[in-house]
Every structure is written in structure tokens, then in C-alpha cells.
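Colleague: okay, structure incoming, though there's no sequence with it:
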């Protein structure tokens, strides 16, 4: 991103966000949670901001509002409370019409606009963009309720979650426990009890980390409930998975105080699968090559934890060797913009190269010491492509 583009697109965004009463830290959180917001056209951003202001007006009262930056508007408070979903929605074209369609779909299922607004801010996966499929899903949920297969409470919980982004066949398959990726069958059958179990498990972990003995105290249960509400990944995780993720993060060397800070700011890290060495290898590469400690990566940039270290490392070496000025430009802006570039689906376009050029570099890179250290997954994929 050139200095001219920063002045043209980023500076007006920052000014608009400040007008909503957000402070520097809160604005930074928006860009960190979803770096694509940095490069979103200002016209798209401005239109989305106006639509988001109307959605925020529908939100029910939240006791955490008193902790928001002083002078924050209703929208400012919503963006402070839910930076990830807010940042994502601010990059959407025609957000106003999409929000209205999301509200209409849920009204059809007897869900209030306030409940829908809360879900859209709290849970990124609740946002529907493919409305023809969602209409069919809404009709299917109504049919399941009419037949007695689902209660009204279950229909509401599913519709406020990500069920409207599924097809009827996908929902039925997962309700029957036949597996598949994405939503877990037991969560679909009883989302309310699943949420309660996750909140209690998380509360127990928080309480133990603070050195407070069992049984679970009400205050820590409340903290667990708040964190579950903020993260769909935590909601869908089993208590055993939350415990395993917590233990894996401890094994990385995080202190109890660091782990508590990470979980309170980025609860979704506990919903990630930390089995195996993929994520620790990514954290090691980031620390060695970008200079971010594991703690700071998890605190500020956990959305990149699911990306392949092999691809990131290869692209980084490509930039350093063939686009050095671009590498220096992005590195000077900080880890967020650099990681956003390295993981971008249109990496060749963003770096003024071609996919063929990057692929050719990758084949050579895999034979280098760096490629042998970080590119094991890419080597396996390359062997599979040849067979």
C-alpha cells in the first residue's frame, strides 16, 4: 500500500471511526482483527458504516457499555464490543441491503430484530450472504419445527448461529451425527446446553489460572459465559477440547497471566485445534522472521494461526529475494499488514507478479535449507500432484 493510498483510503477511515468515539487502541483492534479493512475502498467503507450504524441502533442494552471509550456513540460501543464482526461487515459491499435481508429471514422464524442484531455482531458466521439458499434453509427449519423434530428454542438458536448458511441436506446430515466438516452434530441438537457446558468449562479454567480452588464461583462462570458469547469457536468446542487447547497453550511457554490476557482478548484461540505441530511451527517462524513473540502473536494476530507456515515462509522468501522494496515497505508497517499480504488469496496480484512465477520459485525454494525446514507440507502436496 503506497503512502498516497494510505492518505486516500486509510486516513478517512480512521477519522470516521474517531467520529464514532473510538480511541486509538479500539481503531487498531478493528484493523488487526480483519486487516482487509485497511485496503477496502473508502466508498464501500463509508456506505457500510452508515448501514452498521442502523444495525447498532437495534442492539439490546449491554452492561459492558460503561467500560467503552468515553464519548463513544452507539455504533462506537458496538465496534468496541465486537471488533471482529464489525471489521468484517465494514468491508462488505451493499451491506445495508444484506443486513435487511438477514433481519427479514430471522423475522420469518419469529426472531426479533434485536436478537438478530446481537447475533450478527457477536458471531461472524451468523451473517448470511447467499439468500436463496438461506430461504430454503428457513423453510426447512420451519418444517422441522412443525414436525416436532426441533423445538422453537432450537430453531431460534440455530438461526442465530450459522444454520442459515447451510443447506437442508447439510443440516440433516449433521443432526443425524454422520459427521462432516463445520458445525458439530451435538451442537445442532442442543445448542443451549452446549453453550452452557462450554461456559462452565471455560469458567473453571479461568478460576484455576487465578489460583482459586473449586467449586466454580459465580463470577468466573459469568466470565466464561461472556467469552463464549464472543466466540463461535469456543461455543462449538467441547469442554475436553477447551481443556486440551488450554494445556497446549501452556506448553508453548505462556505464563498463567499471559494465557489469561490472551483468552480474555482473543477467546477464539481456545476453539482452534492445537494438536500436532503445525501451529507451534507457525509461531516459531513468525517469531524468528517477523520478531513477534508467541504471546504477542496470539494476543494481536491469532486470525493467522490457521494458515500454512509453509506457504507463508515461501511467500516471505519470495518477497525478500524478488520484491525486496515491497517486503521492506510492509515490514515497516508492522506485523498485521505484512501477515495480511503473505496470506492474501490474491498474493500474486498484490505483489505485481504471476502465479506461475510464484510456483516456479516454490519448486526451487523447497530444495533450500529454508524450504526443507518450513516447507514439508508443500513438498508433500507437490509429490501428490505428480502422482
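Modeller: Received it, and whenever you're ready, just let me know what you need. Remember, it's a predicted structure, so these values are computed and weren't measured experimentally.

Colleague: and residue 271, how far from residue 33?
Modeller: As judged by C-beta to C-beta, to the nearest Å, residue 271 and residue 33 stand 15 Å apart. Just so you know, the C-beta spots here come from the backbone N, C-alpha and C atoms, and that holds for glycine as well.

Colleague: neighbour count for the two, which is higher?
Modeller: Neighbours of residue 271 and residue 33, each counted by other C-beta atoms under 10 Å, are more numerous for residue 33; the result is 22 against 18.

Colleague: tell me which stretches of the stretch 101-250 of the chain form helices.
Modeller: Along the stretch 101-250 of the chain, counting by DSSP state H, counting those that start in this stretch, helices occupy 113-122, 131-147, 152-159, 168-175, 185-189, 191-209, 218-230, 232-236, 239-251.

Colleague: how close does residue 225 sit to residue 234?
Modeller: For residue 225, the distance to residue 234 (C-beta to C-beta) stands at 11 Å.

Colleague: and those two? which has more neighbours close in?
Modeller: A count of neighbours by other C-beta under 10 Å puts residue 234 above the other of residue 225 and residue 234, at 26 against 17.

Colleague: need the per-residue pLDDT for that one.
Modeller: On the pLDDT scale, residue 234 is placed at 81.

Colleague: closest to residue 39 out of the helices of the stretch 101-250 of the chain?
Modeller: Ranking these by proximity to residue 39 (C-beta to C-beta) places helix 113-122 first, at 22.8 Å.

Colleague: list the buried ones in the closest one?
Modeller: Neighbour-count burial for helix 113-122 flags 113, 115-122 (criterion: 16 or more other C-beta atoms under 10 Å).

Colleague: and of those residues, the nearest to residue 58?
Modeller: Distance to residue 58, by C-beta to C-beta, is smallest for residue 117 among those, at 3.9 Å.

Colleague: from residue 84, how far off is the closest residue in space to that closest one that isn't next to it in sequence?
Modeller: Nearest residue to residue 117 in three dimensions, chain neighbours excluded: residue 58, at 3.9 Å (C-beta to C-beta, 6 or more residues apart in numbering). For residue 58, the distance to residue 84 (C-beta to C-beta) stands at 19 Å.

Colleague: also residue 60?
Modeller: 19 Å.

Colleague: so for these two, which sits in the more crowded spot?
Modeller: Neighbour comparison, residue 60 and residue 84: the larger count goes to residue 84, with 21 against 9 (by other C-beta under 10 Å).

Colleague: how near is residue 55 to residue 124?
Modeller: Distance from residue 55 to residue 124, by C-beta to C-beta: 14 Å.

Colleague: oh, that last question was meant for residue 59, not what I typed.
Modeller: Taking C-beta to C-beta, one finds residue 59 at 16 Å from residue 124.

Colleague: ok, the closest residue in space to residue 291 that isn't next to it in sequence - contacts?
Modeller: Leaving out its chain neighbours, the residue that sits closest to residue 291 by C-beta to C-beta, 6+ apart is residue 335, at 8.0 Å. Contacts for residue 335 (C-beta atoms under 8 Å, 6 or more residues apart in numbering) come out as 286, 290-292, 297, 300-301.

Colleague: could you flag which of those are buried?
Modeller: 286, 290, 292, 297, 300-301.

Colleague: now those residues as CSV including distance to residue 341?
Modeller: Formatted as CSV, the buried ones among the contacts of residue 335 follow (distance: C-beta to C-beta, whole Å):
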residue, distance to residue 341
286, 14
290, 12
292, 15
297, 16
300, 16
301, 13
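
Colleague: looking at these, which are in helices?
Modeller: Judged by DSSP state H, the subset of the buried ones among the contacts of residue 335 located in helices is 286, 297, 300.

Colleague: so the first one sits against residue 295, correct?
Modeller: No. Applying C-beta atoms under 8 Å, one finds residue 286 not in contact with residue 295, separated by 11.5 Å.

Colleague: who has more neighbours out of residue 55 and residue 124?
Modeller: With neighbours defined as other C-beta under 10 Å, residue 55 and residue 124 compare such that residue 55 has more, 24 against 20.

Colleague: quick check: residue 238 vs residue 101, distance?
Modeller: Per C-beta to C-beta, residue 238 is found 33 Å from residue 101.

Colleague: who touches stretch 265-280?
Modeller: 202, 227-228, 230-237, 241-242, 244-246, 248-249, 252, 262-263, 298-299, 302, 305-306, 308-309, 377.

Colleague: of those residues, grab the buried ones for ChimeraX.
Modeller: Applying 16+ other C-beta under 10 Å to these, the buried members can be selected in ChimeraX as follows:
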select :202,227,228,230,231,232,233,234,235,236,237,241,242,244,245,246,248,249,252,262,263,298,299,302,305,308,309
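
Colleague: okay if I get the buried residues of helix 113-122 as TSV plus distance to residue 208 and pLDDT?
Modeller: Formatted as TSV, these follow (distance: C-beta to C-beta, whole Å; pLDDT from 0 to 100):
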residue	distance to residue 208	pLDDT
113	40	94
115	33	92
116	36	94
117	35	94
118	30	91
119	31	90
120	34	92
121	30	90
122	26	82
